[in-house]
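J.: this is the structure alone, sequence omitted:
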């Protein structure tokens with residue numbers, strides 16, 4: 001049965017019973033898999049492309065049905081498309097929406113694939129042996145290296161910041177100097193580098209950098225949580241195997257106690273390598289001091305004197 005257009009002052013699009021059923025099924029996918037960006041994105045794309053909604057526009061439908069703005073749906077759809085590109089090139093797909101957001105900033109598929117390939121290759125921590133555990137800021141860092149290979153790393157970031165200000169030919173007020181002083185040296189460099197090309201004042205740029213750092217904070221916390229959960233899962237799995245140890249007259253109680261003592265030492269060593277806090281040297285963007293993870297173990301954190 002074709003769609004109906006009801007005249008009531010203006011045209012209203014009415015779904016057929018079959019289309020309504022299909023919409024319900026696809027909306028259920030979005031509801032159940034809201035954290036599964038690919039599934040949600042593909043479902044939303046189908047609803048949009050097959051015109052499975054009665055509202056005047058897709059944007060109105062999304063707002064009415066899911067209570068969100070159109071950007072939310074478009075991000076999901078865009079993420080699904082990027083996931084297809086990466087899978088077609090034999091790469092694992094990202095797990096976080098912020099990862100897709102970073103990749104979507106580049107219009108060329110080849111460039112997105114190249115950047116994500118580098119991320120997969122260089123990620124020091126992997127989930128399930130294949131998916132990189134990284135933050136959006138780490139992806140941004142690699143993307144910058146892919147787009148414009150950098151020269152030798154700066155010896156003194158603070159001096160670089162001063163040089164950037166000089167090149168931008170701006171006068172930095174005492175207030176702005178104080179604001180800069182509150183930032184991590186890495187973020188100072190980012191803020192002052194933008195002075196060369198950005199029309200905003202240094203004060204406005206600093207606010208943008210602070211917001212970016214604040215947005216990255218929950219993601220770094222989640223990466224740390226995932227790492228620590230993986231460590232504890234491994235400990236539980238190994239301990240479970242110990243409990244299933246083969247029974248034999250040659251494996252007496254003293255032998256079992258000795259093995260358990262050795263296992264407990266292994267467990268303690270593993271737990272020493274759990275994530276403790278954000279890296280003191282890069283603030284979470286990834287550097288040699290934190291092995292590009294953005295965070296440090298407790299021992300390393302203490303060696304660097306804790307947060308500055």
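T.: Arrived safely, thanks for sending. The model shown is predicted, which means the values in this text are computed figures rather than measured ones.
J.: can you list contacts of stretch 19-28?
T.: For stretch 19-28, the external contacting residues (CB atoms under 8 Å, 6 or more residues apart in numbering) are 3, 15, 43-44, 46-47, 50, 52-53, 65. Yep, even glycine has a C-beta here, placed from its N, CA and C like the rest.
J.: list the buried ones in that stretch?
T.: 19, 22-23, 26-27 (16 or more other CB atoms under 10 Å).
J.: show me where this protein has helices.
T.: 17-32, 37-49, 58-66, 70-88, 97-103, 109-122, 136-147, 157-168, 174-182, 185-194, 202-243, 253-271, 298-303 (DSSP state H).
J.: which among the ones you listed is found nearest to residue 280?
T.: Closest to residue 280 of the helices of the chain is helix 298-303 (CB to CB; 6.6 Å).
J.: please report how far residue 299 lies from residue 228.
T.: 15 Å (CB to CB, to the nearest Å).
J.: for residue 121, same thing?
T.: Taking CB to CB, one finds residue 121 at 24 Å from residue 228.
J.: same drill for those two, tell me which one is more crowded.
T.: residue 228 (15 against 9; other CB atoms under 10 Å).
J.: residues touching the more buried one, list them.
T.: 274-275.
J.: can you pull the buried residues of stretch 262-277?
T.: Buried residues in stretch 262-277, counted by 16+ other CB under 10 Å: 267, 274-277.
J.: pretty sure residue 260 contacts residue 245?
T.: No: applying CB atoms under 8 Å as the test, residue 260 and residue 245 come out as separate, 9.5 Å apart.
J.: show the pLDDT at residue 53.
T.: At residue 53, the model reports a pLDDT of 90.
J.: oh, that last question was meant for residue 191, not what I typed.
T.: Residue 191 is given a pLDDT of 78.
J.: my guess is it meets residue 180, correct?
T.: Yes: in this structure, residue 191 is within contact of residue 180 by CB under 8 Å, at 6.7 Å.
J.: quick one on the thing from earlier: ChimeraX command to pick out the buried ones of the contacts of stretch 19-28?
T.: Here is the ChimeraX command that picks out the buried ones among these, judged by 16+ other CB under 10 Å:
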select :15,43,44,47,52,53,65
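J.: export the contacts of stretch 19-28 to TSV and tack on distance to residue 209?
T.: Converted to TSV, the contacts of stretch 19-28 look like this (distance: CB to CB, whole Å):
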residue	distance to residue 209
3	50
15	47
43	36
44	33
46	39
47	38
50	43
52	42
53	40
65	36
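J.: I'm done for today, thanks for sticking with me.
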